[in-house]
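**Student:** here's my sequence, what's the structure:
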Amino acid sequence: MIHGRIIRRGLDGNLALSNVLIDMYSKCGNIADSHQVFGGMSRRDLVSWTTMMIGYGTHGACSHAGLVDEGLRYFKLMVGDYNISPDQEIYGCEVDLLGRAGKVEEAYELIESMPFKPDECVWGPFLGACKAHRFPNSRKLATHGILDPRPNMAGTYVMLSNIYAADGKWGVCKTRKLMKRMGNKKETGRAGSR
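**Tutor:** Next up, the predicted model:
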């Protein structure tokens with residue numbers, strides 16, 4: 001309905017409105033329509049790319065629909081052809097995309113290639129992928145990466161402590177104590193990761 005009105009009024013070429021449509025469709029879980037709007041844009045900016053990548057990452061659409069290569073292609077186009085520098089959130093989406101597809105080593109290589117130090121937006125999805133695909137050695141790398149910058153996201157600590165507990169490693173106590181010392185408190189009823 002909204003999209004139709006935009007088209008009828010001849011505003012479908014408006015960059016800001018196109019970005020809003022990508023976001024709207026993505027938030028409604030309609031990645032196919034987000035992709036269609038994105039593909040039909042004559043011009044894209046950082047918001048366009050970010051919104052599309054976040055849509056893919058949030059819904060896991062790429063990994064579930066077998067579109068991992070498509071998500072990676074967008075990332076490479078964004079960086080290589082359009083010279084847009086991804087931020088932590090975009091890298092986090094790419095790591096999540098690779099992780100959901102079981103490509104944990106590739107996700108780590110991407111983290112290592114980042115032009116800046118990754119934060120919990122990147123390490124969190126990597127840690128989740130390590131847990132889901134049982135990559136214990138990678139978990140150690142993620143643990144050091146997460147704890148090094150002392151994240152403020154309590155959910156990251158909770159995920160880390162749960163992984164320790166599942167492995168029978170009681171670093172969980174140390175993680176929870178660290179979380180308490182730093183004043184981090186996980187809100188009740190909220191998911192531990194994005």
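
**Student:** and the helices in this protein, which stretches?
**Tutor:** 2-8, 15-27, 31-40, 46-59, 61-64, 68-76, 88-100, 104-113, 120-132, 136-147, 154-166, 171-181 (DSSP state H).

**Student:** tell me which residues in the longest one are buried?
**Tutor:** The one in question is helix 46-59. By 16 or more other Cβ atoms under 10 Å, the buried positions in helix 46-59 come out as 48-57, 59. Where you see a C-beta, it was placed from the backbone N, CA and C, and this is true even at glycine.

**Student:** mind checking the pLDDT average for it?
**Tutor:** Mean per-residue pLDDT for helix 46-59: 82.

**Student:** what packs against it?
**Tutor:** Applying 3 or more Cβ pairs under 8 Å, 6 or more residues apart in numbering; DSSP states H and E, one finds that helix 46-59 contacts helix 15-27, helix 31-40, helix 68-76, helix 88-100.

**Student:** how does it look with 10 Å?
**Tutor:** In terms of contacts (3 or more Cβ pairs under 10 Å, 6 or more residues apart in numbering; DSSP states H and E), helix 46-59 is packed against helix 15-27, helix 31-40, helix 61-64, helix 68-76, helix 88-100.

**Student:** lowest average confidence across these, which one?
**Tutor:** helix 61-64 (a mean of 59).

**Student:** check contacts around the residue lying closest to Val79 once chain neighbours are set aside.
**Tutor:** Of all residues not flanking Val79 in the chain, Pro86 sits nearest, at 6.5 Å (Cβ to Cβ, 6 or more residues apart in numbering). Pro86 sits next to 46, 49-50, 53, 75, 78-79, 92-94, 114-115 when contact means Cβ atoms under 10 Å, 6 or more residues apart in numbering.

**Student:** quick one on the thing from earlier: columns distance to Glu106 on top of the helices and strands packed on helix 46-59, output as JSON lines?
**Tutor:** Formatted as JSON lines, the helices and strands packed on helix 46-59 follow (distance: least, Cβ to Cβ, whole Å):
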{"stretch": "helix 15-27", "distance to Glu106": "24"}
{"stretch": "helix 31-40", "distance to Glu106": "22"}
{"stretch": "helix 61-64", "distance to Glu106": "12"}
{"stretch": "helix 68-76", "distance to Glu106": "9"}
{"stretch": "helix 88-100", "distance to Glu106": "5"}
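
**Student:** related to what we said a few turns ago, which phi and psi does the residue nearest to Val79 have?
**Tutor:** Main-chain torsions, Pro86, degrees, to the nearest 10: phi -70, psi 150.
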